[in-house]
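**Student:** Task: produce atomic coordinates for the following.
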Amino acid sequence: GVWYTRHRRATVGKAPASRALPLSRGTVMMTLLVLVVLTATKNAYLASLSSYFTFYTIDRFGLGVQDAQVLLFLFLGASALGVFFGGPIGDRFGSRVVIWFSILGVIPFALMLPYANLFWTAVLVVVIGFVFSSAFSAIVVFAQELVPGRVGLIAGMFFGFAFGFGGIGAAVLGVYADKEGIEFVYRICSYMPLLGLLTVFLPKLPSHR
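**Tutor:** Numbering: from 1, shown residues only. Model prediction:
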């Protein structure tokens, strides 16, 4: 988005040596793997909501299609706001802090969602959408700070593989929803954000501000 573009303009033209990080190759590779897993998990979970949340609310609460789509709109709107505000928050507090807040902060809300009533379901999906979506810009910037100058590599990993995995995950969840029911799928999905505990392996990077 706009924040990501500003970040790239602020870093372009700097000599690679001045941005070299005191991290071993193994640490960099492990950190990139963690970031890819976090992004793939986040995208798969959000895809499960954007793809099947309407059917879930109709099946569980007996809502009409129009009312169910209002809840989906709330979720998608909160997700868009999360992406928008995640950038400025990352500018102020650092990308690592945003990743920690977003990935770990969503866990209790995701675990509560399958057991909430209609009112709290609406509240929880707004919180989940905003908090979980706020991490994406921070994850991409964190990855580019790990391997400065490798824009194509990072773009392929996070815009290609990770997003593709989210789509595949949504398709797999659809198969299970047909077999076991949509409520069963959402109970299983509620544990997916627990993979966010992998954020403990993210190293602290030196600030370039």
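**Student:** List the contacts of stretch 194-203.
**Tutor:** The contact list for stretch 194-203 (C-beta atoms under 8 Å, 6 or more residues apart in numbering) reads 23, 27, 30-31, 34-35, 37-38, 41, 96, 99-100, 103-104, 106-107, 142. Any C-beta I mention is one placed from the backbone N, CA and C, and that applies to glycine too.
**Student:** For this structure, give me the ranges with low pLDDT.
**Tutor:** Across the chain, the ranges flagged by pLDDT under 70 are 1-22, 162, 206-209.
**Student:** so Ile139 touches Met157, yeah?
**Tutor:** No: look at Ile139 against Met157 with C-beta atoms under 8 Å: they stay out of range, at 10.2 Å.
**Student:** Please identify which of those two sits among more neighbours.
**Tutor:** Taking neighbours as other C-beta atoms under 10 Å, Ile139 and Met157 compare with Ile139 leading, 27 against 20.
**Student:** what about the more buried one, helix or strand, and which?
**Tutor:** helix 136-146 (DSSP states H and E).
**Student:** Toward the C-terminus, what is the element adjacent to that helix?
**Tutor:** helix 151-155.
**Student:** Buried by neighbour count: which residues of that following helix qualify?
**Tutor:** Ile154 (16 or more other C-beta atoms under 10 Å).
**Student:** So which residues lie in contact with that helix, not counting its own?
**Tutor:** Against helix 151-155 from outside (C-beta under 8 Å, 6+ apart): Arg8, Val140, Ala143, Gln144, Val147.
**Student:** Over to stretch 59-73?
**Tutor:** With C-beta under 8 Å, 6+ apart as the test, stretch 59-73 has contacts from 50, 53-55, 57-58, 118, 121-122, 125, 181-183.
**Student:** ok, 7 Å please
**Tutor:** The contact list for stretch 59-73 (C-beta atoms under 7 Å, 6 or more residues apart in numbering) reads Phe53, Thr54, Thr57, Ile58, Leu118, Ala122, Val125, Ile182, Glu183.
**Student:** now, which of these lie within helices?
**Tutor:** Secondary structure from DSSP state H places Phe53, Thr54, Thr57, Ile58, Leu118, Ala122, Val125, Ile182, Glu183 of the contacts of stretch 59-73 in helices.
**Student:** ChimeraX command to pick out the buried ones of those residues?
**Tutor:** Command for ChimeraX, covering only those of the ones in helices among the contacts of stretch 59-73 found buried under the criterion 16+ other C-beta under 10 Å:
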select :53,54,57,58,125,182
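**Student:** mind giving me TSV with the ones in helices among the contacts of stretch 59-73 and columns for distance to Leu173?
**Tutor:** Formatted as TSV, the ones in helices among the contacts of stretch 59-73 follow (distance: C-beta to C-beta, whole Å):
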residue	distance to Leu173
Phe53	12
Thr54	14
Thr57	16
Ile58	17
Leu118	22
Ala122	21
Val125	16
Ile182	9
Glu183	12
